[in-house]
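Participant: the following comprises the amino acid sequence and a computationally predicted model.
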Amino acid sequence: MKKMLGEFKAFVLRGNVMDMAVGLIVGGMFTKIVNAVVNDLLNPIISLFTGNYSSFENMFLVLKPGENGQTVFATLAEAKEASATVLAWGDVLQLVIDFLLTALCLFLIVKGVNALRNREEKLRAALLRKKEEEVVAEESAVPAKPALTKTEELLTEIKGLLEQQRSEEK
């Protein structure tokens, strides 16, 4: 039993499992954000163009009346409660719209993240090129002669005078 607990602990604490757990948690939160954007921002805008329907879920066609012969229902839930046979085309339409809007949101988010990554990579490449250019410039630059000290200046002057004197003697 101790061996199995030890193996389980090793399995759970491996990096891959922890990464997966973090991914699932972040994915769950990401799903909530995307659903909020679709349901609370985009669907109401669409409802302006579709006759004030914020949801198509209650759009249906009664194919067969319910147990009491009723054929008109305010909601899909009422129709199902009365055992009416209904074609719930609004549910399908709503799911298709939700899918398309969710896919659009995800596309825009991924596109934005990729744009940021590309920008960061370009900045890194530019910085790397600049550093390489600086190194090449430093390596190719001729080092300037250091300034002579007073003693060196005097010795240089004496050397010049001696060379001049020798050339005159010849």
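Facilitator: Received it, and whenever you're ready, just let me know what you need.
Participant: helices and strands around the least confident helix or strand in the chain by mean pLDDT, which ones?
Facilitator: Lowest on mean pLDDT, DSSP states H and E among the helices and strands of the chain sits helix 43-49, with a mean of 78. The helices and strands touching helix 43-49, judged by 3 or more CB pairs under 8 Å, 6 or more residues apart in numbering; DSSP states H and E, are helix 89-140. Just so you know, the C-beta spots here come from the backbone N, C-alpha and C atoms, and that holds for glycine as well.
Participant: next one: the spatially most central residue of the chain relative to Leu41, how far apart?
Facilitator: Centroid-nearest residue in the chain, with CA atoms, centre = their mean: Val113, separated by 3.0 Å. For Val113, the distance to Leu41 (CB to CB, to the nearest Å) stands at 20 Å.
Participant: I'd guessed Leu76 sits against Leu87; true?
Facilitator: No - applying CB atoms under 8 Å, one finds Leu76 not in contact with Leu87, separated by 10.4 Å.
Participant: of these two, which one has the most company?
Facilitator: More crowded of Leu76 and Leu87, by other CB atoms under 10 Å: Leu76, with 17 against 12.
Participant: for that one, give me its contacts.
Facilitator: By CB atoms under 8 Å, 6 or more residues apart in numbering, Leu76 lies in contact with Glu57, Asn58, Phe60, Val86, Ala88, Gly90, Asp91.
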